[in-house]
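Enquirer: Give me coordinates for this.
(2 chains)
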Amino acid sequence: MLRIKKSLKRILCAGLAAAVSVTMTVSAFAAEPYESYMYDTWEDAIPSQNAYRINNVVSGSEMGLSRIQDPNDALYVEGASARLSNPKDMYLDEESQQFWIADTDNNRVLRLDMDLKVTGVYTGVFGSSEIAVGEDGESKFAAPSGVFAKKSLYTGELYLYIADYDNSRVVKATVDSERKLSLVQEYTKPDTELYSVETFNPSKIVVDFAENVYAVCTSVNTGSVQFNKEGEFQGFYGANRVEVTAKVIAQKLWRKIASNEQISGMARNVPVEYANFDIDEDGFIYTVTEAANTTTDAVKKLNPAGYNIWDNETGDEYKFGDIASEYDATQNQTYSTRLTDIVVSNNGIINVLDFATGRVFQYDRECNLLCIFGTKNSTNDQKGSFSNPNAVEAYGNNIYVIDGSKNDITVYSETTFGKIMHQAVELYDQGRYSDAKPYWEDVIKRDGGYPLAYIGLGKASLNEGEYSKALDYFETAYDQDDYDKAYKYAREDFIRDNFTVIIIVVIVIVAGLIALAQLHKRSIYVFKGRFRSKEKEGK
Amino acid sequence: MYEFTPIGWLKHCVFHPVEGFEDLRWKKQGSMKIAMFIVFLLFVAMVADRQLTGFQFNDNYVKIFNIVPLVVQSVVYYFTWVLGNWSICTLLDGEGTFRKIAIYSAYSLVPYIVCTFISVFLSNFLVQDESIWITAISALGLGWSIVLMIQAMKAAHQYSFSKTLASMLLTLVAMLLILFLAILLLSLFQQVYVFGYSVYTEIAYRIRG
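Expert: Here you go, the predicted structure:
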């Protein structure tokens, strides 16, 4: 009987295992081509849930770019390509619900609607320009590599800003139709001694509320070039600093003893120019610097005066991107973070795109890492993996990444986990810890190793006065600073509750010691062992 | 004039930094057993500092606990110190024997060990704002032990103060040399082992094949 039971058990177990393995392979089928991970307190990578999944990948034909080649269509451009070619920038104008894409190698700018269908093709700008004017009076773009759109607070009109790289200008234009832009203003190389660089090649642009134009220019390392609304050169904004390495220090020493001829032959230590920037709702400008292994100024949040708010030198520890560089055995290559684009969405969530690994790192407004997704690997024709990720945009629950080599846009949308996590983070960042509690609990159900969830729950418990619970949560997340705060309250509580007991114990001990001293005075020893040998030696 | 138990002698040495070790030498006292026990306690203190420090002060990588570095940091360093000091001071006309150096060095470690235990204990009841107490006690223990160590070496070898300092610095150099040679030896033996193992596998394959 027992034996039959055993074999039955075995069969049942085998059946269950088979069923589990079948369902597992099925779920693995739909997975992303990467493993999601997070960083814990020790900066070790730990597995995590996917917060985003690949929704779809949109290439030129899916955008409806074939309309450009149709002579009967309003978008018809003679001899134009129906696919993107090395698009370098993408901008989402949330106010007018339009995407703008700088289709760099096709020398044109595209306008897309929210479904990523093309609604406008612009190969140049009409107006009083004298640069690259064609027969039809259109001033043609040459390798536009940055695009920005903003509705003016002064006129209420939508202005499109284009960094026209090879034409050495920034174009400010109004959008007249799906084929026509009218020039409003042209920003060219500043004619002043302050601007000492030979070239003016704007690659990325940002415009603030006062319609000051900030342009990142190639080989200008003193910050972005700033123009005011009237097109006058204002100066440079928010330069990076030189990262202090052993090499820099050594060179500083050599410079002290070298002759002028030798110095002129040395490499100069100049800061790396930043790769891209974005402006948030409050007018803060965020910059990323695409330099391998830089720890200085990799991501900056600049206030209007150009000072970095996220400065680690003031004692904070902001970290962006991958913490250690990664070795890929299949490619025999080491990847280290090269942050190429940043986007700040309206709810304050920051997405940073890493060119080297094709990963998007998402942070909340306090720079807590939320999730990491996307990849770049040898099989980059797979959905969700990139070859040359150039720009990232965020809208609602979606993240858009444009690839300059695959010439397509990958759309990521939130998973359930991501949705709950974002809701929790939203409340958490507003300081509504108790309201965030149910969401964090839900997050933990889906990913038991998510550090921020435990910190959130800990803060909620701390707010509610449940200190021992808070201590447990903070210990799980290994958050020493918050643990310390909770411990302070817990200790106070403990002393208040047990004050009588503590005082009694102290009094008893003191009284005992006094009594012992009195006994010793009268040569009565309570602890004999210690003194016996002394007496013996005395004899 | 001084008649103490072995523990009494230890107490005398610790609380009399100026004369204690001279008295110890004069009376030919000092127990090797106690010295070894102190070295063991040093190791225990290291483990306690790593594992039992209060959560808010424990900056160690607590995910893994490896005992080897702790043994090296306590026991191995101690014996290297004794060995290094003995070899240096033999050359520099020191009077200390190996035994004396071992005992005196161990005795002078006591304040450090005691203060480590106290600060580990305190760290479980203090918050980061009050960390000054822990820092102060650790610094006190370390400073006291250094003073005792200088006095101990001075007494052991009957050196002048400056010669003691010089010999101690040289001892540190000697420790580095010893550890370097030890690592060299270790890697050499590892190579020998690998060689032996590959010969064995080669033979094993031939026999089987």
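Enquirer: Flag the shaky bits of chain A, pLDDT-wise.
Expert: Within chain A, the stretches with pLDDT under 70 are A:1-30, A:292-296, A:377-381, A:526-539.
Enquirer: Of all residues in it, which one is nearest the centre?
Expert: A:V352 (3.1 Å; CA atoms, centre = their mean).
Enquirer: ok so that residue is a strand residue?
Expert: Yes. Assigned with DSSP: H, G, I helix; E, B strand; the rest coil, A:V352 falls within a strand.
Enquirer: Quick check: phi and psi at A:A511.
Expert: A:A511 adopts backbone torsions of phi -60, psi -40, taken as degrees, to the nearest 10.
Enquirer: Can you give me the neighbour number for it?
Expert: A:A511: 10 surrounding residues under other CB atoms under 10 Å in any protein chain shown. Placement of C-beta: from N, CA and C, glycine included.
Enquirer: quick one on the thing from earlier: for the residue nearest to the centre of chain A, list each beta-bridge partner.
Expert: A:I342, A:F361 (DSSP bridges).
Enquirer: Let me see the contact set for it.
Expert: Contacts were defined as CB atoms under 8 Å, 6 or more residues apart in numbering or on different chains; by that measure A:V352 touches A:288, A:299, A:320-321, A:339, A:341-342, A:360-363, A:392.
Enquirer: Show me which residues of chain B sit near chain A.
Expert: When proximity is defined as CB under 8 Å from any CB of the partner chain, chain B approaches chain A at B:3-5, B:8, B:55-59, B:61, B:63, B:125, B:127-129.
Enquirer: wouldn't B:Y112 be in contact with B:G141 here?
Expert: Yes. Between B:Y112 and B:G141 a contact is recorded at 4.6 Å, counting by CB atoms under 8 Å.
Enquirer: re earlier: next, find the distance separating the residue nearest to the centre of chain A from A:E62.
Expert: Using CB to CB, to the nearest Å, A:V352 is found at 27 Å from A:E62.
Enquirer: The residue sitting nearest the centre point of chain B: helix or strand, and which one exactly?
Expert: By CA atoms, centre = their mean, the mean C-alpha position of chain B lies nearest to B:Y78, the distance being 3.2 Å. Using DSSP states H and E, B:Y78 sits in helix B:77-91.
Enquirer: and after that helix, which helix or strand comes next?
Expert: The element immediately downstream of helix B:77-91 (helix or strand, assigned by DSSP H and E) is helix B:98-108.
Enquirer: and that following helix, what other elements does it pack with?
Expert: Applying 3 or more CB pairs under 8 Å, 6 or more residues apart in numbering or on different chains; DSSP states H and E, one finds that helix B:98-108 contacts helix B:6-15, helix B:20-26, helix B:32-51, helix B:77-91, helix B:131-157.
Enquirer: what angle separates the last one from helix B:77-91?
Expert: Right, the one you point to is helix B:131-157. Inter-element angle recorded for helix B:131-157 and helix B:77-91: 30 degrees (by axes from the mean of the first three to the mean of the last three CA atoms, to 10 degrees).
Enquirer: For helix B:131-157, buried residues please.
Expert: Neighbour counts over helix B:131-157 (16 or more other CB atoms under 10 Å in any protein chain shown) mark B:131, B:134, B:137-138, B:140-141, B:144-145, B:148-157 as buried.
Enquirer: try the fourth one
Expert: Neighbour counts using 16+ other CB under 10 Å place B:78, B:80-89 of helix B:77-91 among the buried residues.
Enquirer: In this structure A:D493 contacts A:Y467, no?
Expert: Yes. With contact defined as CB under 8 Å, A:D493 counts as touching A:Y467 (6.1 Å).
Enquirer: For A:D136, the count of nearby residues, please.
Expert: Counted with other CB under 10 Å, residues neighbouring A:D136 total 8.
Enquirer: now it: how far from A:L181?
Expert: Distance from A:D136 to A:L181, by CB to CB: 13 Å.
Enquirer: Next: A:T337.
Expert: Counting by CB to CB - A:T337 and A:L181 are separated by 37 Å.
Enquirer: closest point of the stretch 51-200 of chain A to chain B, which residue?
Expert: A:A51 (24.5 Å; CB to the nearest CB).
Enquirer: Spit out the contact partners of that residue.
Expert: A:36, A:362, A:370-371, A:373, A:414-415, A:417-418, A:421-422.
Enquirer: Save those as TSV, and put in neighbour count and distance to B:R208 too.
Expert: As requested, those are arranged in TSV below (neighbours: other CB atoms under 10 Å in any protein chain shown; distance: CB to CB, whole Å):
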residue	neighbour count	distance to B:R208
A:S36	18	47
A:Q362	25	57
A:L370	21	57
A:C371	26	53
A:F373	26	51
A:E414	20	59
A:T415	20	54
A:F417	22	54
A:G418	24	57
A:M421	29	58
A:H422	20	62
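Enquirer: I'd like to know which of those residues are part of strands.
Expert: Among these, the ones falling in strands (DSSP state E) are A:362, A:370-371, A:373, A:414.
Enquirer: now those residues as CSV including distance to chain B?
Expert: Output for the ones in strands among the contacts of A:A51, formatted as CSV (distance: CB to the nearest CB, whole Å):
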residue, distance to chain B
A:Q362, 25
A:L370, 23
A:C371, 22
A:F373, 25
A:E414, 31
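Enquirer: What count of nearby residues applies to the nearest residue to the residue nearest to the centre of chain B once chain neighbours are set aside?
Expert: Excluding its sequence neighbours, the residue lying closest to B:Y78 (CB to CB, 6 or more residues apart in numbering or on different chains) is B:V39, at 5.2 Å. The tally of other residues near B:V39 (other CB under 10 Å) stands at 21.
Enquirer: measure B:V39 to chain A for me?
Expert: Distance from B:V39 to chain A, counting by CB to the nearest CB, to the nearest Å: 24 Å.
Enquirer: Likewise for B:P17?
Expert: Distance from B:P17 to chain A, by CB to the nearest CB: 23 Å.
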